[in-house]
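Colleague: Test case, fold it:
(one chain, ligands or ions: 2)
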Amino acid sequence: MKNISQVCLILIISLFAFGPSRAEYKCFYGNLHAHTSYSDGESTPDTAFTYARDVALIDIQALTDHNNGGYDYNPFLYQKVRHAADSITVDGVFVALAGQEIGKTTGFGHIACFETPELSPLFNYASDLISCYRWILGEDKPAMFCHPMLFQPDDFNYLYYYSDYNRSMDLLEVINQNGVYESKYLLALQNGWQVGASANQDNHNRNWGNAANSSGRIPLTGVWADTLTKASVLEAMQARRTCAMLVYPAMDRMEVSLRSGEHWQGEHFITPSTSINFQIKASAVAVNFKKIYLYTDGIVSDSLSPDNRDVYWDLNKEVKWGKHYFFVKAVQTDNDLAWTSPLFIDVLQDDPKTKVVTWPTPVADDCQIVYQPLTGVNRIKTLIYDVAGNRVWEHEASDPSAVLNWDSKDMKGNRVPNGLYIIKVEQSGPAQTSIAIGKTAVSR
Ligand SMILES: [Zn+2]
Ligand SMILES: [Zn+2]
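Modeller: Ligands and ions are numbered 1, 2, ... in the order given. Alright, predicted model coming up:
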């Protein structure tokens, strides 16, 4: 189970941890969305995986036949896909993933899930987005928003962010076949989803891994993993350590990475510094890059014009207090594109009195109150006030490392109105008392 309290603990620990250096990840190339005759595509899983490996020459192929009504994909066929995927997967050579496309064409859109032990129980979940997110959360396997808003403008409830299901979804298709969903990527991120970028072919013909779109470009997802094994690829997908790309010629490949020290694209961390150093790398096999853009909170904030196939960009940025996301978009001279997943960075002010934030902000339902826990403390009192100074919530605890949740309700259990709230966290022990103050917004 993905556990929100674990996530919060990691957040808090990441304030202090400068642990051993991370593995040097390598970029592997995959196509994470494709079909066979098990739903509305052609041929068999064996043929599809073999083609992707031997003809398209990619590293990772997922088969995601439709488990959303109208097709014969069933538990027996799904186990056949799993068996085919495991049989053809060879560590260091090729990773095949068994998947399914769930959700509803006329309901809330399509979601691809990977490597769950069983098919999703179709008829219980096909029409209910929340149940779908809940089922995925329980499976703890990668999941991806497919071609958002292709069918309906209100797919995924307009990509509304459900904080309880933050860890249900890992990736979003910035590219699906001919469709470019960059604006939906921005919408999801702006709404609060912490999702990474992918680009896939959604094959319905015998071209798994090398299907070009109408402009001749091939969509591929770059997956930064420590090794080419199924476990590492799944870990990288859940960590959102990916990039989305469109490549031409067919064997061109782009490696685009965005790091801030030890932190890679896809990570979420908190820093007390308003000065953030980014290391951006882009390299390509066949074609030079003409532009590299850094997006800050959805808007281009910095750019570079390299005209080179290997680019290293060390960038220092001053950012304001609050929650931010940053990603890179790279453009080659032939206009091929690549997008990295975002780095999600919460910036606390240097003044210890203001080191309190909520995650997420704004708050829709539940949030965690994140502050810097002090040592030698045995009483933590938390108070929340509205802007008129009325106390709406209070809480006392004894363990500074324990997760502190607020359900955005007052002490009577009523949901507080939308607006700005002040949070005060008082930590005291035998030797000291420290008060931290922050603010958050409730917006439903
Ligand atoms: Zn679909
Ligand atoms: Zn599909």
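Colleague: mind checking the end-to-end distance for stretch 88-95?
Modeller: Taking CA to CA, to the nearest Å, stretch 88-95 runs 7 Å from one end to the other.
Colleague: any idea how far residue 65 is from residue 48?
Modeller: Distance from residue 65 to residue 48, counting by CB to CB, to the nearest Å: 10 Å. For the C-beta atoms, the positions are set from N, CA and C on the backbone; glycine is no exception.
Colleague: And residue 179, by the same measure?
Modeller: Taking CB to CB, one finds residue 179 at 21 Å from residue 48.
Colleague: Now the protein against ligand 2: closest residue?
Modeller: residue 202 (4.3 Å; CB to the ion).
Colleague: ok, how many other residues are close to residue 235?
Modeller: Neighbourhood size, residue 235 [other CB atoms under 10 Å]: 15.
Colleague: For it, what is the enclosing helix or strand?
Modeller: Counting by DSSP states H and E, the element that carries residue 235 is helix 230-238.
Colleague: Check residue 382 too.
Modeller: strand 379-386.
Colleague: Show me what that strand packs onto, helices and strands only.
Modeller: Contacts defined by 3 or more CB pairs under 8 Å, 6 or more residues apart in numbering; DSSP states H and E place strand 379-386 against strand 391-397, strand 419-428.
Colleague: if we go to 10 Å?
Modeller: With contacts taken as 3 or more CB pairs under 10 Å, 6 or more residues apart in numbering; DSSP states H and E, strand 379-386 sits against strand 367-371, strand 391-397, strand 419-428, strand 433-442.
Colleague: Mind checking those for the one nearest to residue 81?
Modeller: Closest to residue 81 of these, according to CB to CB: strand 367-371, at 37.8 Å.
Colleague: Residue numbers of the chain in contact with ligand 1?
Modeller: 110, 146 (CB under 5 Å from the ion).
Colleague: Burial check on residue 290, number of neighbours?
Modeller: Using other CB under 10 Å, residue 290 has 16 other residues around it.
Colleague: List the single closest residue to it in space, sequence neighbours excluded.
Modeller: Nearest residue to residue 290 in three dimensions, chain neighbours excluded: residue 333, at 4.7 Å (CB to CB, 6 or more residues apart in numbering).
Colleague: Quick check, the one you found in contact with residue 307.
Modeller: Yes. Assessed by CB atoms under 10 Å, residue 333 is found in contact with residue 307 at 7.1 Å.
Colleague: Find the nearest non-adjacent residue to residue 119, please.
Modeller: Using CB to CB, 6+ apart and skipping the chain neighbours, the partner closest in space to residue 119 is residue 78 (4.7 Å).
Colleague: same deal with residue 294?
Modeller: Once flanking residues are discounted, residue 294 sits nearest to residue 302: 4.3 Å by CB to CB, 6+ apart.
Colleague: Over to residue 277?
Modeller: residue 316 (5.3 Å).
Colleague: Contacts for the helix or strand in which that neighbour is found next, please.
Modeller: In this structure, residue 316 sits in strand 310-318 according to DSSP H and E. Applying CB atoms under 10 Å, 6 or more residues apart in numbering, the external contacts of strand 310-318 come out as 255-256, 258, 260, 273-284, 288-289, 292, 294, 296, 301-304, 306, 324, 326, 328, 330, 345.
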